[in-house]
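>>> what's the 3D shape of this:
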Amino acid sequence: MLEAYLNQVYLGQRGDQAIRGVASGAEFWFGRDLKSLDTEQIALLIGLVKGPSYYDPRRNPERARERREFVLGKLHDNGLIDDAEYRRARTAALGVT
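Residues are numbered from 1 along each chain as shown. Below is the predicted model of the structure:
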């Protein structure tokens, strides 16, 4: 069920083409394969699910940064990333292409 959702979730728009699924989202936003994303890039993709247009890092970089920090905080609070990775990821550039 989760896999089906992650393969279909809307993550943005390229002209008239909807970007659907986290693999397509990774390529669209970062020009990279999903498996090669860094923690901060994964956090941004997760954050985009709530509102791809509202948190669009190209049009609204500050909103995107705030949303990414929120997701990173949740990952850290739940023990999914350690203190060092949390600090590093928070200071990283958005890195969108």
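>>> before we move on, what SS does the residue lying closest to Ile81 once chain neighbours are set aside have?
When the adjacent residues along the chain are set aside, Ile81 lies closest to Leu75, with 4.8 Å between them (CB to CB, 6 or more residues apart in numbering). Where you see a C-beta, it was placed from the backbone N, CA and C, and this is true even at glycine. Per DSSP: H, G, I helix; E, B strand; the rest coil, the secondary structure class of Leu75 is helix.
>>> and Leu75, what does it touch?
39, 43, 81, 86 (CB atoms under 8 Å, 6 or more residues apart in numbering).
>>> can you map out the strands along the chain?
With DSSP state E applied, the chain shows strands at 10-14, 17-20, listed in chain order.
>>> nearest to Phe28, out of the ones you listed?
If you check each of the strands of the chain against Phe28 by CB to CB, strand 17-20 wins as the nearest, at 4.6 Å.
>>> and the closest one, how far out from the chain middle?
Relative to its parent chain, strand 17-20 has a centroid offset of 15 Å by CA atoms, centre = their mean, to the nearest Å.
>>> what do you get for stretch 78-94?
Mean C-alpha position of stretch 78-94 versus that of the full chain (CA atoms, centre = their mean) differs by 13 Å.
>>> now do the buried residues in that stretch.
Within stretch 78-94, the residues that qualify as buried are 81, 85-86, 89-90, 92, 94, counting by 16 or more other CB atoms under 10 Å.
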